[in-house]
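[1] give me coordinates for this.
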Amino acid sequence: MLHKTWDRRGTPPIAVIGAGIAGAWQALLFAKAGHEVTLHERDNDAMTQATSHWAGGMLAPWCESEVSEPLVTRLGLRSLALWREHAPDTPFNGSLVVAHPRDRSDFERFARMTSGHQRLQRDDVSKLEPSLDGRFREALFFPDEGHVEPRRVLPELHARIRAAGGRIEFGSAPETTHIDGLEIDCRGLAARDAFPDLRGVKGEEIIVETDEIVLSRPIRILHPRWPLYIIPRERNRFMIGATSIEREDDGVSVRSTLELLSAAYAVHPAFGEARIVEIGAGLRPAFPDNLPRIAIDKDHIAVNGLYRHGFLLAPALAELTLGYVARGEIDNEVMQCK
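    Numbers count the residues shown, from 1 in each chain. Prediction:
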């Protein structure tokens, strides 16, 4: 569907508010399209207060289809292509789903609810991840999925924005009335003044360090309460995450800590001797339907509600926003126009 084309003044200047993963992708694609772009971030360049700081960075649309609406899969698949195009160093080593015998029914259910996977037997699992030799009778391998290290890739995206001619201003939170041009609001939970139905969903994670295990891809282990995953990081570190709790504090409970560490221990007992580096939690902005939304109101566009799929969905949402501004294209599943 086509809507009235935005372009009333050629390529309007763009002010993106929020330099997390959603805002970074918006700024990057608009800068590459030739717009004058300024990316504003109220935090400093370390961005330790951003939701992205605590994200897993999974690029796993097929795995997420087990619990998510088809829209997430559709946008996620498009995002994979955009990651490959604009960040060609992004690793696409696939992801592996495993379960212990007592969770066999959950494993089979996961296989039925998802696509894009290969069913591996014990020897194939060992060839793919030697550290898991003999530990799992079967696994589901999703070969086309990827993952990123959020704390490394976000500064890389910011560098790409500058290389494309965009500006980034940290410690900056401009008032809407002071912005000349088109504003793209990517503030996440801070945008509750405009979206009172936004809520924060807590995701807890633990980072551990050990040189006794080597993994090449995320390992997702099925759990009775929520799927938990282990993501390899640089310097022999592993991120273990993530819970999904309807609370808006940033504390990490004893129960969650036990479940996350138990999941890691169940994947490999060497995690029992790993050094705990960091424990923390982030609040993911979510609308009641847990789906992303692009809200358009004249000179103001808001991109929000990415929930637990920020790194997966941000590129496709940026492409949709650019398509609307450049050509008036409307995606009825995502966009709301006033």
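[2] flag the shaky bits of the stretch 51-200 of the chain, pLDDT-wise.
    176-178 (pLDDT under 70).
[3] go again using 80 as the cut-off
    175-180 (pLDDT under 80).
[4] going along the chain, name the strands of the stretch 201-338 of the chain.
    Read by DSSP state E, counting those that start in this stretch, the stretch 201-338 of the chain holds these strands, from start to end of the chain: 219-221, 228-232, 237-241, 275-286, 293-297, 300-304, 335-337.
[5] list of residues touching the first one?
    If I follow you right, that is strand 219-221. With contacts defined as CB atoms under 8 Å, 6 or more residues apart in numbering, strand 219-221 is touched by 60, 63, 95-100, 129, 132, 227-230, 263, 266-267. From N, CA and C alone the C-beta is placed, and that goes for glycine too.
[6] the strands of the stretch 201-338 of the chain: which one's closest to R187?
    Comparing the strands of the stretch 201-338 of the chain against R187 with CB to CB, the closest turns out to be strand 300-304 (7.6 Å).
[7] and G34, that's in a strand?
    No: secondary structure assignment places G34 outside any strand; it is coil (DSSP: H, G, I helix; E, B strand; the rest coil).
[8] which residues does it contact?
    G34 sits in contact with T11, where contact means CB under 8 Å, 6+ apart.
[9] same question for the one 4 residues further on.
    When contacts are counted by CB under 8 Å, 6+ apart, T38 touches P13, I14, A15, V16, G166, R167, I168, E169.
[10] could you confirm R160 falls within a helix?
    Yes: in this structure, R160 lies within a helix as judged by three-state DSSP.
[11] which helix or strand contains the closest residue to it other than its chain neighbours?
    The shortest distance from R160 to any residue other than its chain neighbours is 5.7 Å, reached at L28 (CB to CB, 6 or more residues apart in numbering). Of the helices and strands defined by DSSP states H and E, L28 is found in helix 21-32.
[12] so that helix versus strand 300-304, what angle?
    In this structure, helix 21-32 runs at an angle of 130 degrees to strand 300-304, with axes from the mean of the first three to the mean of the last three CA atoms, to 10 degrees as the basis.
[13] tell me what helix 21-32 is packed against?
    With contacts defined as 3 or more CB pairs under 8 Å, 6 or more residues apart in numbering; DSSP states H and E, helix 21-32 has these neighbours: strand 14-17, strand 37-41, helix 70-86, helix 150-163, strand 182-185, strand 300-304, helix 310-327.
[14] rerun at 6 Å
    Using 3 or more CB pairs under 6 Å, 6 or more residues apart in numbering; DSSP states H and E as the contact test, the elements touching helix 21-32 are strand 14-17, strand 37-41, helix 150-163, helix 310-327.
[15] specify the angle between that helix and helix 310-327 in degrees.
    Orientation of helix 21-32 against helix 310-327 (the same axes, to 10 degrees) gives an angle of 40 degrees.
[16] send the alpha carbons of helix 21-32 over as CSV?
    What follows is helix 21-32 as a C-alpha-only set of coordinates in CSV (Å, rounded to 0.1, in the frame of the first residue of the first chain):
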residue,chain,number,x,y,z
ILE,A,21,20.1,-0.7,18.2
ALA,A,22,16.8,0.7,16.8
GLY,A,23,18.0,4.2,16.5
ALA,A,24,21.4,3.2,15.2
TRP,A,25,19.9,1.3,12.3
GLN,A,26,17.5,4.2,11.5
ALA,A,27,20.4,6.6,11.4
LEU,A,28,22.6,4.3,9.3
LEU,A,29,20.1,3.7,6.5
PHE,A,30,18.9,7.3,6.3
ALA,A,31,22.5,8.5,6.2
LYS,A,32,23.4,6.1,3.5
